[in-house]
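>>> Below are the sequence and a predicted model; questions follow.
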Amino acid sequence: MNEKEQRQHFRNIIERHKGILFKVARAYCPNEVDRQDLIQEMMIQIWQSIHRYNNQNSISTWLYRISLNVAISFYRKTTIRSNKHTTLNEQTEQIPTEDKTTSERQLNLLEQFISELKEFDKALMILYLEDKSHAEIAEILGMSVSNVGTKIGRIKDKLKTRFSQLKS
């Protein structure tokens, strides 16, 4: 492939699968500016790795692997930085407004609870909520299928507990 064809191939991949990048970025970055930075980092890593892609895995599996690895690294760096500096806007983002429907509030709470999970657990739940099979999740995250099921069960129990604490 010449350089022009590589660029077009890259653009096609990003255009067809940009939802993966946005979903992962949203799960790892509550701040819009950080989210845009993370998406750029993901795209850079995809560009640098595109020549190594082989057809053994689906393109979406490959993109999830890259995106989640970049997001986890980015999250660790920004968490250290944000622990030192918290803005009022980030704190008020989590306050539900009264005009939202119950389902919207529950969805926002679910997003908040997932964002509070450990990096690996967060990645697991992103893939689970994307209706990926346990086998696909295992392949993307490099773990056994049985371990995927066990971890998902534990995380779901943890999330149920968080929701039930709100009702009490």
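Sure, I can see it. Worth saying up front: this structure is predicted, and the values here are computed from it rather than measured.

>>> Can you give me the domain boundaries for the chain?
Here the domain parsing of the chain from automatic domain parsing is 1-93, 95-168.

>>> Which positions in stretch 102-115 come out as buried?
By neighbour count on 16 or more other CB atoms under 10 Å, the buried set for stretch 102-115 is 108-109, 113-115. (Glycine included, C-beta is placed from N, CA and C.)

>>> So which residue is dead centre in the protein?
Central residue of the chain (CA atoms, centre = their mean): residue 24, 2.5 Å from the mean position.

>>> check which helix or strand covers the closest residue to that one other than its chain neighbours.
Spatial nearest neighbour of residue 24, excluding adjacent residues (CB to CB, 6 or more residues apart in numbering): residue 67 at 4.4 Å. Mapping residue 67 onto the secondary structure by DSSP states H and E places it in helix 59-84.

>>> same thing with residue 158?
In this structure, residue 158 sits in helix 145-167 according to DSSP H and E.

>>> what number of residues lie near the nearest residue to residue 53 once chain neighbours are set aside?
Beyond its immediate neighbours in the sequence, the residue positioned closest to residue 53 (CB to CB, 6+ apart) is residue 62, lying 5.6 Å away. As a burial measure, residue 62 scores 21 neighbours (other CB atoms under 10 Å).
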